[in-house]
Each structure stands twice: as structure tokens, then as C-alpha cells.
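Undergrad: structure for this input, please:
(3 chains)
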Amino acid sequence: MLEAITSGLAALLTPQAILFMFVGVVYGLVIGILPGLGGVVAMALLLPFTYGFEIAATLALLLGAHIATIWGDSVTSILFSVPGSAKGLALCFDGYPMTKQGQAQRALSASATGALMGGLIGAVFLALCIPLIRPIILALGPSEYLMMALWGLTVIATFSQGSLMKGLIASVLGVLVAFIGMDVVTATPRFTFGSEFLMDGISFPVAMIGLFAVSEMMKLAIKGTPIVDRTLVQETSTVWQGVKDAFSHWWLVVRSSFLGLWIGVLPGVGASVAGLAAYAQAAQTSKTPERFGKGAVEGVIAPDATMGANEGGGLMPTLAFGIPGGESMAILLVAFIGLGVVPGPDMLTKNLDLVFSMVWIIVIANVLVTLIGLGITPWLARLPSLQANLMVPIVLSVCFVGAYATRSRIEDVLVAAVFGVLGYVMDKYHYSRANFVIGMVLAIMIERNLHISLTLYGRDFLLDRPIALAMLVFVVVTAALPFIRNWRRERARAAARPQGGAA
Amino acid sequence: MKAMRRKMVFAGALAPAVMGIPGRGQAQASNYYKDKIVNINVAGGPSGGHTRYARLIQPYLQKHIGAREVRITNMPGGGGLKAANYIWRAKPDGLQIFFGNVSTLILAPLAGSPGATFDSTKLTYLGRATSEPRVLAVGGKSAIQSIQDVQKLKRPFVYPSQGTDEDFYTMAVLADAFGFKVKAVTGYEGNADTALAVIKGDGDGHITGWSESLGPIRSGDKHPILMVTSQKSPDFPYIPVVTEIAPAPKRATARAMANILETHRSYIGPPGMDPQAVAAFRAAVTAALKDPALLEETRKGERPVAPMEGARQQKVIEEITRASASLSPILKAAVKEIQ
Amino acid sequence: MSRRAQENLVAAALLALFAGVIWLAQDFGPRARMIPLPLAIFGIVLTVIQILWQNLRSTDELQMDMIAVQAPGAAGKPEGDAEAAGAPAKRVTWRQEAGAFGIVAALLGLIFVVGIVPAVFLFTGGYFRVTRLYSWRASLIYTAVLTAAVYLLFVVALQVQPYHGLLAPLVDHFR
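TA: Residues are numbered from 1 along each chain as shown, chains lettered A, B, ... in the order given. Next comes the predicted model:
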């Protein structure tokens, strides 16, 4: 084992591997920052270039690019409320408010450091857990995925601070939008009005670009002042502050990382859910949940840590069964086959050094991304103070091009515009946009896994699945926690009042 | 500007391919495509497998067809239905060609799928690029070890599926041919998800392309019990083939299904396509797929081709049309079951 | 229009939408409507409660919360309104709003007519000029740089095939 660890590292120290790693990371950062495109596209486009190079170098290129997209996505979410892809969504919730308060540097560096720590924890546990992967994966199934998604839903309460009714209506709306398109469970086209385009459903990244980016730009055009007006709000934070934040919330980082690993192990759950679940977890375990959604640094650290760790977790099903844990892993699988390596349990015996090469790639790429990220943060943090008249046309153009680029379908540009208007109206009348997208992300996952659970195990499926049952209890408890805490505080306040009056 | 861009993209994506092409030397089959622009509409996104193959073959197709340009356009949507609907309505001058998975195209109208506005038997088949045997595999620890065991089951065969894809329909045809009941569990996220369900024992078995199942089969996590092909695989002679062991009265339906699956990734033209164009395009596809430079490239990249000539494909389609009367009700019943 | 009338208009639109969903879902099979149907009914119930609530309160309470979920005292303003630190928000006129919608519509229209890359050029260039942000020369240079960047990143590097717009067939015709 020790030998495999060192030889795995040695394979990455060739000039070719070092160069590829660097190219991959920079390329991934750029792709991540562009709206609409995520890690999958990054890897798919690199595939044709990978034939005939060293195996370790090829993997460094692909994995490095993929890892870099995580933080790249976070950047635009934090600075402009433009989620680059589904992964960056959770960063809009608290990262963007931080930017508006003049804490962009802190938010950016906290997210980069969070991703680094998550990535490292993920890599270490990937290495440690190798013998345990198979039994863990075999113990989980659709019912457990269902509970995972329900847990993500509980975050709705956090964003319903304005009005619970409006918050819930927004979520219902999001869920219904997710149902547009061909329902794969029953082969029924739902709410498609006979349109070929709607058969494929509303693309999630496109809807997000509309709801958040386009509507923010509309607001900016109306306001006519920069996102951050430097005459009113000074950039008060530093890069170092964000790094310190991530370390001082180490326990949150550890919890979020384990969550990321856990989600990575469940194939098909995906990184968009990972970010939301991390956010839910951070908000619900916080002692001051009311700060969330208004610029709480924990809301920035947790999702990035989870998504960083998710990479290590996502490799597990690939290594244990030769089954890709997600879309990006499916592309990695293509690369493996192209390189003459058949992924699967064999890898853990025959190609263990290759496995450790991947662990090292995760470590090194994460360090590289964070170093580059911390280096460019001071420059990035200046962008939101650019003039509105410069920002609006540029961001709007790039967002529309990005919306088109997600699926090369011109109708998506129209969808982005419609959702932009919808986002504007929702924001104006305080129907939470965050709740809308949470409903949209989780709807299909909940519906599918509910149907599968019902078909496989029948109506009382929870009784057959003790892990799922335990998870449900956990979901109910964490969802109730903020209410209970609130009630207690009220009671304490009520109890304190007469005494205070007496004194 | 436009031409330059294309060159840049081209050089970037396929640098090795470009270098491998010798000068245009061979005589063209006909001059039909001279100075014309052919559009290959790929039924999938730019990062998908269809596009990768289309781009791999493109330079060789251009060389052998003698057109001014062979353009690749991505037309994703509806699992290929968007591109197919487009081709169905295209001018039959041979300048608009479909490239992608044809099995789904043939099956969608047969199953009465909403969104399929074309009659797949009337399209013009121009040649196949690849084909991959599809295999029914059960979990490694399953009590089921053969298709006979499936027939003896006292309960329905639990079949985890993503939705109504070609494998779902294949399972319905197999159930009908071998006389067992299937309980399809739809809604899984992808092949990884269904594979895990089978390995865990949540499901009994599932159908995938051979290469996807290779890893788990080698490690013993899955056990292949049936190939849905028309011939035995020379590499795996121990796995029975559906067209050989299906009960005699149902063998024609089973063969039709195997034929449908084997159309796989092909070039298709609009109905009633210009005969001159058909001849020229078919000849060009055949020649391109035999080009030694292309074969060398596919070998290096481990992306095998499995050509079938367009004329032969057209005959197979006629056979499928004849069998469709018996196929169609089976597929429709299977869809009804999950609704 | 008063704030209450606007709120009621939004709620009415929501009611119509949920009713439409219920009507459409009648055509689905039992499994396909298992979640959408009850959810739309739930949506109607929520919206009705919301309508009742917003019409039974005094006008100045309209911005307030119906059920404060967490620590009512500390709840502050709802999500997205974090700029409270700045100057008191100016009243947004309907003209300004129409302008913002117009900007989006203009870009959308341009993309559909001239195609995606030329639209980026015309839209940003036009925007710079209309708002008098830059001189003619500077506008042209910045716009050209942006268009080139979009083109290089999306079309060349990421191999996105650009949409050429409704005018493209005309251009092809005369070529």
C-alpha cells in the first residue's frame, strides 16, 4: 500500500503530468466561470486530446479541470449572483449578500479554502475507505436517496423568513416547473403542449441563469448604480480573513466534507444536491440560523467543502464497481477505456498506484486551485464595483450566450429571458427565488425515487429499509430544530421579562 | 471568417485525424455531391458519443464523397426524436443527413411514442458506423443463472430501467418470446444506477451495451445470460443468443428485435431521397469506413467501427416492417403497464 | 396601482396557473399525476390563504411577515434585500421597470434576428452608446474585444455551434 502511495505520486512528477495538471486547472477555472457550462463539458471537450499520453498525465488533465470548475462556479455566484452551473447555486444565497456588504474578498477566499479542505478530507477518506466502499454502496438504495432529497427540501424553511406562505408557494412552483417535459417513469409528456422543445424539460442551469443573473441585471439597470457602490460600501474584508474563517469553522468543514463523501457514494445524486444539502446542514445546525441568506460566511464555506469532498466520494462507485458515480465520472470511464484500463474492483488490486495517483491529483489540483484563487481574489473582488452601464450589457450578453451553449438550443435563450422576468417579479413581491430552485432541483429526484421505492418494496417501504427510516427521523428532527429553538428562545425571553422589570 | 473558424475548430478537435489523411486520390463513386455542402445532423450534444463518432468519420466521408464540405450540426433533443423529425421533413436532395442511434427511431413510432412524427420504415438508410451487442445480465449472486431459470420463476422478473429506452422495449419482447412476466421499475438515473440495483439484488437483471457490462461481468458482479443479437459472438461463445434459443413461434419477433438493435449508429436520409444521392452517399460511407487511416485511428482510440452497407440495412428494415405488426402491440402493452 | 392590488394580481395569476396544472393533470395516468396533482391543490390552498391574509391586514403591514419562522425580532428583511445598508431605496417607477424589460427584450430580439455573436456586438455597443458611457471609438473597441472573447471562448474553444439568426437563410441565398 505504501509503495502504491509513493509510486502514485511519482507518476505525477513527470514534466508532462505537471504541465497537464496546470493546463487542466486553468482551463477548468475558465469553464467554471463561464455561465451554463460545468465540469462535464470541460472534461468532454478535453477527451479528444488525451490519446497517446501518459495515463497519470491524462488523468491529471481531466480530473484537474473538473476540480477547478467547482471553485470557478462559486466565483460568479458570489460576485454577481450568476451560478455557473447547478453546483454554484448554493453560493448565491450567502456569497452574493456578502459581496454587497463589501466582503467579497472574504467570501471568495473562504469558499476557496473550504473547497480545499473538503477536497483534502475527501481524498484522505477515499484512500482510507477503499476496503469499505463496496458494503457501503450496497447498503444504500432509492429509499435512502429519497430521504436525502427530502432533507434538501427542509432548507426551504430557512428562506421563508419573509412569509412562510409565499416561500412554500415558490417551492411548489419550482417543483411543477421541474415536471415540465417527458416523465421517464411513466413515459408521459407533462405540460409540454405538444412542443418538441419542452419534451426535454426546462434546463436547470438555464432557469438559474434567468432567475438569478438576468433578473439581477434588470435590477441593476433600474438602480443604475454598481452592485457594490464604493462610495457607500467599502471593501472591508481581506483574503486572510476568509482563510481564517474556514479554519475557525473547522467542525463545519469536517461535517460538510463527510456529507460530500456520502453524497458522492450515492450514484446519481449529483453535485447540485450536494451544495443544497450542505447549505441545509449548515443553516440547521447553526446557533444563529437567522443570519443565513443575509451573508453568513458559514453558508459559503459549507457548500464548497461538500463539493470538494464530493469529488473523492464520486470516485468510489467507479473504483468499486466500474460504475460511474456521475456524469463526469462516466467521461472519466471513457478515458480509462481509451487508456486500456478497465475500471472496477480489479483496479484496487492491479492498478492501486493509479488509484493513488487519482487521490494525489485531487490533493494537488485542490491546492493549485486554492493558490491561484487566493492570488486572484483581490482583483476579482473589484469587479462588482464596476459601473452598472458597463456590467449590465456584458453580463447579460454572456449569460444569454451561456444559456444557449448549455444545450445548443436557441429556445433556451427565450427560457432564460422568461425566467429573468419571472425572477424579477418573484423578487419584487418576495416570493423566494431560492425556494423555487430548491423545489426544481429536488422534484425529479424525489418523484423518481418515491416511485422506485413504491414499486420495489411496496407501500410500507420504510419498514423494510432501516437506514432510510433512520434518515427520515433525522430529517424530521433537523427540520423541526429551528422551530424548537425559536420557541425556546421565546420562552426564555418571556421568562426573563418580568424579572428584568422587577430589577 | 466562417471558413477560418471551421478550420480552427477542426484543427483543434481532430489534429491527429487531419494529419492522417492522404491527398484526394481515389476516384469518386459519382459526382453528385461535387461542390455541395452536406449537413450531418447529429442526434445528440457536442460532448456525446454520437458527435465523437461523427467527427471521427467526417474527414474520411468528405474525402470519399467529394463534397465541398461535410458539416456537422448538433441537434440534441427528445432522445434523437428532434433530429429524426427534422430529417423526416427535410428536402430529399441528400444534403441533410441524420446521424445517431437508429434503434430508438425505429422503436418510438412502433411503441406509439408521443413526439415521433415520422414513419421509420420509410426513411432512407445509408449505412451503419457502429454496432454493439446488447446483453441481458443478472446479478452475480442471483439464483437465476440462465434464461431457463427466468422462465421457471414463480414471480415476475424485476427489471430496473431508466425509462422507455430501447432496452426497456427489448425486455418486453424477450418476456413475450420466452413467456415470462416482467415487472419494470422505471425512474433510475442511468446505467450506473440500474447496474447497482442488479448487483445489490433489488432487481433481477438489466440490459446494457456489452462494453458497459464488461467490467462487472469480469469481476463476477454480473452474470450474462443472453445476447440480443442475430449471431453468436466469437469472443463469448458460451453466452446464448436470442435468435437461436427463442421458442420457434416467436423467433421472427426476436429476430426483428435483434435487427432493430443492430441498426445502432447509422446515417439516414429523408424518405424518397434522390436515388443518385443515395448511391453516392452509401458508397462514400462504405469507402470511408474501410479507409486504412480511419481504421488505424479507431484502433488507437479504442473506438471500434462495425460497418453495414446501406442497401443491406434497407432490406433489414423491410423485414422489421413485416414483423412490426406483431412487435407493435407488445411494445404498446409494456408502455401501458408503467403508466 | 397600490401595492395591495399588485400583490393580488400576482396571487390571481398563481391561482390561474395552479388551476391550469390541475386541469392538465387530468389527462395523465395515475402514476404520472401522483405528485403534480396534490401539489397543485396544495398550491391553491396556500395561495387562497395568502390572498385572505394580504387583504385582511392594514396596508402598511403588507411588507411584514405572516408567520415569522425564526426569531421574529431578528428576522429583518427577506432574502435579496441586503442592500439595506445603503441610501434609502428610491421608488422604482414603472418607466424604469419597462426599461429593464425592454433591455432584455432587445437582446432577445437581436439574437433571434441576427444570430448570437453579432447580437452580442450590437447589443453591448448599442448599450454603451445609448447610456453615453463611452465615446464612439471606445465603445467600438470594448465591444469588439468582448465579442471576440465570446467568440473565442464559446465558438472556438468550446465548439458551440452558434445560432445564425432568422436572417441567415437570406445571406445563404445571396452567397
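Undergrad: tally of neighbours for the closest residue to chain B within the stretch 101-250 of chain A?
TA: Of all residues in the stretch 101-250 of chain A, residue A:184 sits closest to chain B, at 3.3 Å by CB to the nearest CB. All C-beta spots, glycine's among them, are computed from the backbone N, C-alpha and C. Residues near residue A:184, counting by other CB atoms under 10 Å in any protein chain shown, number 23.
Undergrad: isn't it up against residue B:164?
TA: Yes. Residue A:184 lies in contact with residue B:164 (CB atoms under 8 Å); the separation is 7.5 Å.
Undergrad: which residues are common contacts for these two?
TA: Residues touching both residue A:184 and residue B:164 by CB atoms under 8 Å, 6 or more residues apart in numbering or on different chains: residue B:186.
Undergrad: break chain C into its domains for me.
TA: Listed by automatic domain parsing, the domain ranges of chain C are C:3-73, C:95-174.
Undergrad: how distant is the last one from the center of its chain?
TA: Centroid separation for domain C:95-174 versus its chain: 19 Å, with CA atoms, centre = their mean, to the nearest Å.
Undergrad: and it, is it in reach of chain B?
TA: Yes. Domain C:95-174 is in contact with chain B by CB under 8 Å from any CB of the partner chain, via C:155, C:156, C:157, C:159, C:160, C:161.
Undergrad: just those residues now: which is nearest residue A:28?
TA: Proximity of the residues of domain C:95-174 next to chain B to residue A:28 (CB to CB) peaks at residue C:157, which lies at 12.7 Å.
Undergrad: which phi and psi does that closest one have?
TA: Main-chain dihedrals, residue C:157, degrees, to the nearest 10: phi -80, psi -40.
Undergrad: can I assume residue A:448 is in contact with residue B:187?
TA: Yes. If you go by CB under 8 Å, residue A:448 and residue B:187 touch, sitting 3.8 Å apart.
Undergrad: and the longest helix along chain A, average pLDDT?
TA: The residue-count maximum for a helix in chain A (DSSP state H) belongs to helix A:466-502. In this model, helix A:466-502 has a mean pLDDT of 76.
Undergrad: list the buried residues for that helix?
TA: A:468, A:469, A:471, A:472, A:475, A:478, A:479, A:481, A:482, A:485, A:486 (16 or more other CB atoms under 10 Å in any protein chain shown).
Undergrad: what of stretch B:248-255?
TA: For stretch B:248-255, by 16+ other CB under 10 Å, it's B:250, B:252, B:253, B:254, B:255.
Undergrad: secondary structure added to the residues you listed, as CSV?
TA: As requested, the buried residues of stretch B:248-255 are arranged in CSV below (DSSP: H, G, I helix; E, B strand; the rest coil):
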residue, secondary structure
B:250, helix
B:252, helix
B:253, helix
B:254, helix
B:255, helix
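Undergrad: could you export these as TSV, including distance to residue A:393 and pLDDT?
TA: TSV is the format used below for the buried residues of stretch B:248-255 (distance: CB to CB, whole Å; pLDDT from 0 to 100):
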residue	distance to residue A:393	pLDDT
B:250	65	89
B:252	64	87
B:253	60	88
B:254	61	89
B:255	61	88
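Undergrad: what's the closest of those residues to chain A?
TA: residue B:253 (21.1 Å).
Undergrad: what's the closest non-adjacent residue to that closest one?
TA: Excluding the flanking residues, the one nearest residue B:253 by CB to CB, 6 or more residues apart in numbering or on different chains is residue B:326, at 5.2 Å.
Undergrad: residue A:130 too?
TA: That would be residue A:348: by CB to CB, 6+ apart, it lies 6.1 Å from residue A:130.
Undergrad: part of a helix, is that neighbour?
TA: Yes. Counting by three-state DSSP, residue A:348 falls inside a helix.
Undergrad: returning to that earlier point: which residues does the residue of the stretch 101-250 of chain A closest to chain B contact?
TA: A:448, B:162, B:163, B:164, B:186, B:187.
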